[in-house]
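Participant: sharing a model that was predicted from the sequence below.
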Amino acid sequence: MLEKFFKLKENNTNVKTEVIAGITTFMTMAYILAVNPSILSATGMNANAILIATALASFVGTLMMALFANYPFVLAPGMGLNAYFAYTVVLGMGYSWQIALLAVFVEGIIFILLSLTNVREAIFNAIPLTLKSAVSVGIGLFIAFIGLQNAKLVVNSDATLLTYQTFKGETFNSVGMGAILALIGVLITAILLVKNVKGGILLGIVATWVLGIVCEFIGLYVPNPDAGMYSTIPSGFISFDFSSLGETFGQVFQADFASVKILDFVVVMFAFLFVDLFDTLGTLIGVATKADMLDKDGKLPKIKGALLADSIATSVGAIFGTSTTTTYVESASGVTAGGRTGLTAVVAGLLFLLSIIFSPLFLAIPSFATAPALIIVGFYMIGNVVKIDFNDMADAIPAFLCIIAMPLAYSISEGIALGVISWTMINVLTGKAKEKKISVLMYILTIVFILKYIFL
């Protein structure tokens, strides 16, 4: 039955590979179960309710991705969008979290309509192949950068903005030791992959976690919550208390809309819409490129189903009580592990559902254990740089700007924006518009991105 539904042989994969890929993707994304409640609870929302909502939204969205598109892409509440939800819309602009959820819900409805009318698919297809390769490379750098930060290997610096972790001082046994364990994890994962060990990335995560537990037992690693370093030892294994979900479920429909200025609400909703649209497109481009799923024209078959799943998940997630649910760049870890079909997504989705019960266990996975996986995945994705023609400056310079903007601006959508604007303007101003066959939609996207920087 699995073969018939997911077409495993047709996609050169098997059940074992897909299961390992699904587990790997979930393990690299499990941090969202701890991070999302931490961010959104700043608005006054119940942290336990957010955790359950996060898991449910991830399960529903990921399952729809498998059913609608048969792709190994996994969804969860997006990083960056959750920070915008909490710190800008609620704490900064003063709106209630119910209103913020309503904005997310409306955004999802609009996306559903855009997906059904081929608008999002047309935008995907309009982006030239060079920029699609650049997006994949940029995401690779971005995801590796996230891994370095999660491992506390790269930290803030007053003098240089960022610097490397110092392995001395009072925090050595917490932050410093976590960073060292992450480096060991990268080494273990690299060795496993060089040896062609199946599930090498997953085994690297587990091995690093086990090392962390051992170090904590012998006192070499000491948890320090103030520094973001938590115990690696689970406080328990299961919990069946789901009552807190009632504090967020359906609250989107309880929002006091009468107290909101229509124009302000539209601006907030559009901001969610804009970032989600291009983050999702960027992720689909990057992960699909890595998995060799794009056809000879750079188009992604069944993209309508993928975009529809993403859109529905956003609105459903808002009903559960979480910020925008979107396709995750960490899906690349499962693709790297061999995942090629929706079975990978189903496995990851079921693990998100199970995480509601086993939340104490999953929340114990330290960030320094998943960080090596992100760093290695970044290495895999950067390989697409060879598909960029650096002899063609009109293609290469926009590609470079797209790549470098993602990690430095900490945003996939910003990288796409700079890539699109520069590619169109450089080719137009150098008289290459006809040669490059710039589509009308690319001109529209360029204007929209420019207006975005002017007005948002």
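Facilitator: Great, that's in hand.

Participant: CA atoms for contacts and neighbours, from now on please.
Facilitator: Noted.

Participant: how about the residue positioned nearest the centre of the chain, what does it touch?
Facilitator: The C-alpha lying nearest the average C-alpha coordinate of the chain belongs to residue 328 (C-alpha atoms, centre = their mean; 3.0 Å). For residue 328, the contact set (C-alpha atoms under 8 Å, 6 or more residues apart in numbering) comprises 73, 74, 75, 76, 78, 280, 283.

Participant: apply 7 Å and report the result again.
Facilitator: Contact analysis of residue 328 by C-alpha atoms under 7 Å, 6 or more residues apart in numbering lists 74, 75, 76, 283.

Participant: and the residue nearest to the second one when sequence neighbours are not counted, backbone torsions?
Facilitator: Distances taken as C-alpha to C-alpha, 6 or more residues apart in numbering put residue 327 closest to residue 75, at 4.3 Å, once the chain neighbours are dropped. Listed backbone geometry of residue 327 is phi -70, psi 140, with angles given as degrees, to the nearest 10.

Participant: which ones are touching residue 327?
Facilitator: Residue 327 touches 73, 74, 75, 76, 280, 283, 310, counting by C-alpha under 7 Å, 6+ apart.

Participant: again with residue 212
Facilitator: Counted by C-alpha under 7 Å, 6+ apart, residue 212 has contacts residue 232.

Participant: before we move on, what SS does residue 174 have?
Facilitator: Here residue 174 is recorded as helix under DSSP: H, G, I helix; E, B strand; the rest coil.

Participant: ok, it to residue 411 distance?
Facilitator: Noted for residue 174: a distance of 29 Å to residue 411, by C-alpha to C-alpha, to the nearest Å.

Participant: what's the answer for residue 430, then?
Facilitator: From residue 430 to residue 411 the distance is 29 Å (C-alpha to C-alpha).

Participant: and the pLDDT at the residue nearest to residue 75?
Facilitator: Per-residue pLDDT puts residue 327 at 85.

Participant: going forward, count from 622.
Facilitator: In the new numbering, first residue 622, that becomes residue 948.

Participant: what distance do you get for it to residue 817?
Facilitator: Per C-alpha to C-alpha, residue 948 is found 28 Å from residue 817.

Participant: looks like residue 735 contacts residue 741 (just checking).
Facilitator: Yes: using C-alpha atoms under 7 Å, residue 735 makes contact with residue 741 at a distance of 6.1 Å.

Participant: between the two, which is the more surrounded one?
Facilitator: Neighbour count, other C-alpha atoms under 10 Å: between residue 735 and residue 741, residue 741 has more, with 23 against 17.

Participant: so which of residue 1051 and residue 1032 has more stuff around it?
Facilitator: Set residue 1051 next to residue 1032 and count neighbours by other C-alpha under 10 Å: residue 1032 wins out with 19 against 9.

Participant: which of the contacts of residue 949 fall within strands?
Facilitator: Per DSSP state E, strands hold the following members of the contacts of residue 949: 696, 697.

Participant: please give the element, helix or strand, for residue 1023.
Facilitator: helix 1014-1030 (DSSP states H and E).

Participant: list the buried residues of that helix.
Facilitator: 1015-1028 (16 or more other C-alpha atoms under 10 Å).
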